[in-house]
Structures are given as structure tokens and as C-alpha cells.
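Novice: attaching a predicted model along with its sequence, questions to come.
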Amino acid sequence: MKNKVIIAALAATLSLTTQASAADMVFTSWGGTTQDVQKAAWADKFTEKSGIAVLQDGPTDYGKIKAMVEAAGVTWDVVDVEGDYAVQAGKAGLLEKLDFTAIDKSKLDPRFVTDYSVGSFYYSFVIGCNKDAVSACPKSWADLFDTTKFPGKRTFYKWSAPGVIEAALLADGVAPDKLYPLDLDRAFKKLDTIKSDIIWWTGGAQSQQLLASAEAPFGSFWNGRLTALAATGVTVETSWEQNITAADALVVPKGAKNKDAAMKFIALATSAEGQAEMAKGTGYAPINLDSPKLMDAELAKTLPDQQTASQVNADMGYWAENRDAIGERWYAWQAK
């Protein structure tokens, strides 16, 4: 079975491999508007400066990374992954150590730097509401879990990842500095109280559609998706109360064919300019501490790094250690 998985992963990348020349590199991310901005802000500019073409692939697939590394057939050079996965994969030997002689980490937010990864961007789970669809909008996680004061459907991220479990515990009165280790029994008991009213979103575009249509007039969202939705004319209210931060990370799979180019690409992507352009295009926060100086002051005020008064940082190390166990229980609970 293992061999079949590996063969399938390699077959899926064969066409990409045959298209790429020795001078090309491959950047893989999650698709959609975020990857569009990554291409414009990073890949296109890297090609202009280096002459190295950057082919786009996706979506990110952790099983595929593992299969390619085990088969010594890696065709991805830089991959955008979730922060907790980056920690886990680094420990599992699936990633190259980053070259910090090429990548300047002195100006990077240390929360998002490990030997094997640096932040791609960071975002917050916030409470979003379609103001035109309801008489009142929830302001806190406790409000979002209160179906008496705020009746109707609400939407949350479907996949096992930092965010929803923390929100449930905060809604139940757990202090932010007491969140970890996560009390899963308590979290699922709280989630049970609203389970029949949850519509799950699987990706950012779907979350926007649910809110815009008022099929779910409020819920938990990536902050950048609310910024983008508001720009289309939807009357969106965003509550930053106890916003929960998480991050994506840039990694290089073990055995990547273009490792030197990958390190240089990451250096550009995490530069002050690269991160400022990414933030302007997505509404997500830069991980380079010098980037805000290059951005419009009014725009900078709307990003997660400026919403720190009650901000809650998801513990990526804890999630990396417990990712599989939490996921097993999460999907079993969803299926009940």
C-alpha cells in the first residue's frame, strides 16, 4: 500500500517535472487569492531578480510531501504549510534545515522561526458578522456560542487545526494563559451545545460565501477573508476580541532539487518588502518586523499584529506534538 501511495504521488507530479528545466524551481501553496498574491509579491519578483522561473503548483498536500521524500523524488522546492505541521515535519526528518546565511532572520518575528521553517504570513481567527442580516452581532466567543442571544446558523473551520478548540474553551471561560494543554473533554462539551447550528467551511472562499449570503450570518473566519469581503460591498463587522493567531510557514522538503534557489526565494519572500506586499494584498500580518514601515498606516492598523490587546497566540509547539491525536478525536466527533 505504501508503495502505491508513493507511485501515485510521483505520477501526479510527472507532468510538472517534465515541464521544469534545471533552472526552474517550484513553489507550492494552497491556491486561491492567497497564492495569487504570493505569486505576484514573491515569485514574479524573484524571477525578475534571479532569472529563475518559479512554477506554481498546489494545493499543499502533506501526504504527498511525505511520499516524495520517502521515494527520493521531491519535485517541490518551497511549500507553504501550516505552522504546526512545519514543526512536526521538521522533527520527522521531512524538511531541509534552512540556510540562515541566505535568509536574514534578525528582523523576523521569532514566534514564527524554527530551524526548518519561517513564517509565510500570520493571521487571526476573528468573529465576523453580516450586519445587514441580523439585529445584533456577536462580539466575543461566548456570544458566538450563545444560541439564545444569537440564534441561527454559525460557521467554523472544518479541519483539525488551531482555532476552533481554543475558541470553544475561551467561550467556556478558560483564561487565555490557561488554554494549554487543551482540555479536549471540556472543549467538545462546549461544541456540543452549538453542533446542530454549525455550518462548516472548508476554505476561505466558502467562508465568504456563507457570510455574504447570510446562510451563516456570523462565525469564525480568517481575518483577511473578512477584509476582502468588505471590499466587495458586504457590510461586515469584525470583532478582534480574543483573536486567535496562527501562522503559515515556508519550508523546503528534504531532498529538494533546487535547494539553493529555494533558500534565496525564501529570503525574498520574508524580506521587509516581500512581506509588506503580501500583507497589502491579503490583509494578513507580515512576519518581518520592518514591513509595517513600508505600508500605508491606515492599512497597517487593520492587520493582526496591531490587534494585540486581547490577542491569544495558538501554541504551535503543542499542536505539533498532539496534531494527530487531536485530529483523530476531532473527526470522530464531527462524524457523530
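Specialist: Perfect, thanks for sending it.

Novice: who touches the spatially most central residue of the chain in this structure?
Specialist: By CA atoms, centre = their mean, the chain has its centre lying nearest to D248, at 4.3 Å. With contact set as CB atoms under 8 Å, 6 or more residues apart in numbering, D248 has these partners: 80-83, 119-123. No exception for glycine: its C-beta is placed from N, CA and C like everyone else's.

Novice: which secondary structure element is home to it?
Specialist: In the assignment (DSSP states H and E), D248 maps to strand 236-251.

Novice: picking that back up, can you list the contacts of D248 in JSON lines and add pLDDT, distance to A43 and neighbour count?
Specialist: Listed next are the contacts of D248 as JSON lines, based on pLDDT from 0 to 100; distance: CB to CB, whole Å; neighbours: other CB atoms under 10 Å:
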{"residue": "D80", "pLDDT": "97", "distance to A43": "12", "neighbour count": "22"}
{"residue": "V81", "pLDDT": "97", "distance to A43": "17", "neighbour count": "25"}
{"residue": "E82", "pLDDT": "93", "distance to A43": "20", "neighbour count": "24"}
{"residue": "G83", "pLDDT": "94", "distance to A43": "21", "neighbour count": "26"}
{"residue": "G119", "pLDDT": "97", "distance to A43": "17", "neighbour count": "25"}
{"residue": "S120", "pLDDT": "98", "distance to A43": "13", "neighbour count": "30"}
{"residue": "F121", "pLDDT": "96", "distance to A43": "15", "neighbour count": "27"}
{"residue": "Y122", "pLDDT": "93", "distance to A43": "20", "neighbour count": "25"}
{"residue": "Y123", "pLDDT": "95", "distance to A43": "20", "neighbour count": "26"}
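
Novice: so which of those sit within strands?
Specialist: Within those, residues falling in strands by DSSP state E are 80-82, 119-123.

Novice: how about the residue nearest to the centre of the chain, nearest residue that isn't a chain neighbour?
Specialist: S120 (4.0 Å; CB to CB, 6 or more residues apart in numbering).

Novice: hang on, the earlier thing: in JSON lines, list the contacts of D248 along with distance to Q208.
Specialist: Shown next, in JSON lines, are those (distance: CB to CB, whole Å):
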{"residue": "D80", "distance to Q208": "20"}
{"residue": "V81", "distance to Q208": "23"}
{"residue": "E82", "distance to Q208": "20"}
{"residue": "G83", "distance to Q208": "23"}
{"residue": "G119", "distance to Q208": "24"}
{"residue": "S120", "distance to Q208": "21"}
{"residue": "F121", "distance to Q208": "18"}
{"residue": "Y122", "distance to Q208": "20"}
{"residue": "Y123", "distance to Q208": "14"}
